[in-house]
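Asker: pasting the sequence and the predicted coordinates here, then a few questions.
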Amino acid sequence: ELARRERETYRAVGDFSIDSVGGWVQLSEGSARVDDLAWLLTEPGRIEWDASSLSVDRLNMEREGDDPMHLAAGGTLTRGGESDFTVEIEGLHLERLMQVLQISDPEIGGHMDLELSLTGPAESPRIDGALQLLGPRYETLSLTRIAGSLGYANRRLEFDLGGWDGLRPALDFAGTFPVDLALQDVEERIVDAPMDVRLQADSLDAAIALGYITALEGVVGTVTGDVTFGGVPSDPEPEGAIILSDAAWSIEAIGVRHIGVNGELLLRPDRTVDVSLTAQGPGRSDVSGTLLLEPFDNPALDLTFDFDRFQAVRRPDMEGAISGSFTLRNRYRRPTVQGAISVS
């Protein structure tokens with residue numbers, strides 16, 4: 001019996017044997033309780049392992065009540081020879097899983113259903129799966145549901161995931177990506193082979209799309225986009241457009257609400273991005289120019305900012321509008337700014 005805190009306890013009854021090569025655990029009873037949720041082992045199960053394989057014989061757990069959960073796992077995973085392993089999960093609380101694993105990340109949440117099977121030789125396994133997340137949450141991204149499928153064979157991962165905002169489809173992420181998921185050591189997991197990935201957003205709530213910008217409050221508007229990623233992972237070729245429409249937001253620190261925000265990002269296969277953004281607040285602000293996403297984490301900048309009596313700050317102790325223009329160039333990590341601005 002283990003207790004990590006007052007309302008988190010674990011209990012197991014059985015036999016085990018462990019040596020320097022591997023071991024086995026035979027469970028006759030098992031339970032876990034975290035706060036008001038409890039899980040029970042529904043039948044005896046056995047887990048056995050050595051240096052190259054893991055075998056699970058009937059590992060089944062249930063959570064009863066108004067919010068049920070079911071977990072079943074069985075089969076063999078091996079680094080040499082044939083594997084045949086399946087996992088079925090219904091109603092798993094991701095928040096509780098993070099807590100049990102002692103991963104301190106309160107930004108992850110949702111109920112997960114998962115069916116996953118892995119078969120075939122260790123050097124070239126086949127993986128098939130179906131996933132559904134109800135109420136998924138990651139940091140500021142929150143949707144009603146995410147559902148989709150994935151398949152892996154011959155160093156190609158195929159996936160199709162959709163996201164819903166209420167009853168309306170809002171996101172679709174699908175395609176093929178080159179990766180090596182062999183159950184053996186490999187030089188590189190990501191394979192430098194052709195990829196074809198597509199991300200589509202259909203009138204996605206701007207509050208979801210811009211949620212990672214924590215300074216923005218009261219965000220309204222929509223984001224629509226259709227972007228494909230071709231080429232190879234080491235030399236990607238993005239292409240498409242992302243459009244922000246009828247957006248507005250408030251920035252509490254400066255006491256200003258920007259309205260009538262509209263913009264467009266045009267991505268090209270040479271990794272340049274044409275930028276066009278307009279905002280009012282009152283007055284007007286325009287941003288135009290290009291970005292070169294090479295490398296992605298330190299892009300080259302060539303942007304022009306134009307202001308016409310644009311309300312820059314409105315606080316009890318300060319108020320002002322700006323006019324003029326400046327350019328933002330060089331690299332993201334070492335930018336240079338040049339221009340002339342007047343403050344009224």
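Answerer: Received it, and whenever you're ready, just let me know what you need. All of these numbers come straight from a predicted model, not from anything done at the bench. Numbering: from 1, shown residues only.
Asker: does residue 45 really touch residue 58, like I thought?
Answerer: Yes: using C-beta atoms under 8 Å, residue 45 is in contact with residue 58, at 4.7 Å. C-beta coordinates here come from the backbone N, C-alpha and C atoms, glycine included.
Asker: more neighbours, these two?
Answerer: Applying other C-beta atoms under 10 Å to residue 45 and residue 58 shows that residue 45 carries more neighbours, namely 21 against 15.
Asker: contacting residues around the more buried one?
Answerer: 26, 27, 30, 56, 57, 58, 59, 60 (C-beta atoms under 8 Å, 6 or more residues apart in numbering).
Asker: so for the second one, what's the nearest residue that isn't a sequence neighbour?
Answerer: When you say that, I think you mean residue 27. Using C-beta to C-beta, 6 or more residues apart in numbering and skipping residues adjacent in sequence, the residue nearest residue 27 is residue 14, 4.2 Å away.
Asker: point out where the protein drops to low pLDDT.
Answerer: 100, 103-106, 139-140 (pLDDT under 70).
Asker: quick one: the helices in it?
Answerer: In the chain, the segments counted as helices under DSSP state H are 94-100, 206-209.
Asker: which ones are touching residue 203?
Answerer: 168, 170, 222, 223, 224.
Asker: from these, which two are the most distant?
Answerer: Using C-beta to C-beta, these span at most 13.5 Å, a distance reached by 168 and 223.
Asker: who's more crowded, those two?
Answerer: Taking other C-beta under 10 Å, residue 168 and residue 223 do not tie; residue 223 has more neighbours (22 against 11).
Asker: neighbours of the residue nearest to that one when sequence neighbours are not counted, how many?
Answerer: The spatially closest residue to residue 223, leaving aside those adjacent along the chain, is residue 209, at 4.2 Å (C-beta to C-beta, 6+ apart). Neighbourhood size, residue 209 [other C-beta under 10 Å]: 23.
Asker: and what of residue 311?
Answerer: 21.
Asker: same deal with residue 172?
Answerer: Burial of residue 172 is recorded as 16 neighbouring residues (other C-beta under 10 Å).
Asker: bridged to it, which residues?
Answerer: Legend: beta-bridge partners of residue 172 under DSSP bridges are residue 162, residue 200.
Asker: how far away is it from residue 164?
Answerer: For residue 172, the distance to residue 164 equals 10 Å [C-beta to C-beta, to the nearest Å].
Asker: and what of residue 148?
Answerer: 11 Å.
Asker: possible to save the helices of the chain as JSON lines with distance to residue 177?
Answerer: Shown next, in JSON lines, are the helices of the chain (distance: least, C-beta to C-beta, whole Å):
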{"stretch": "helix 94-100", "distance to residue 177": "23"}
{"stretch": "helix 206-209", "distance to residue 177": "23"}
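Asker: for the residue nearest to the spatial centre of the chain, list each beta-bridge partner.
Answerer: A centroid search over the chain (C-alpha atoms, centre = their mean) returns residue 138, at 6.8 Å, as the residue closest to the centre. Counting by DSSP bridges, residue 138 is bridged to residue 108, residue 141.
Asker: residue contacts, it?
Answerer: Contacts of residue 138 by C-beta under 8 Å, 6+ apart are 107, 108, 109.
Asker: and the last one, how many neighbours does it have?
Answerer: So the one you mean is residue 109. Applying the criterion other C-beta under 10 Å, we find 17 residues in the vicinity of residue 109.
Asker: verify the contact between it and residue 141 for me.
Answerer: No: taking C-beta under 8 Å as the definition, residue 109 is not a contact partner of residue 141, at 10.5 Å.
Asker: what's residue 22 sitting at in phi/psi?
Answerer: phi -180, psi -140 (degrees, to the nearest 10).
Asker: from residue 168, how far off is it?
Answerer: Taken as C-beta to C-beta, the span from residue 22 to residue 168 is 51 Å.
Asker: and residue 234, what does it touch?
Answerer: So residue 234 contacts residue 192 (C-beta under 8 Å, 6+ apart).
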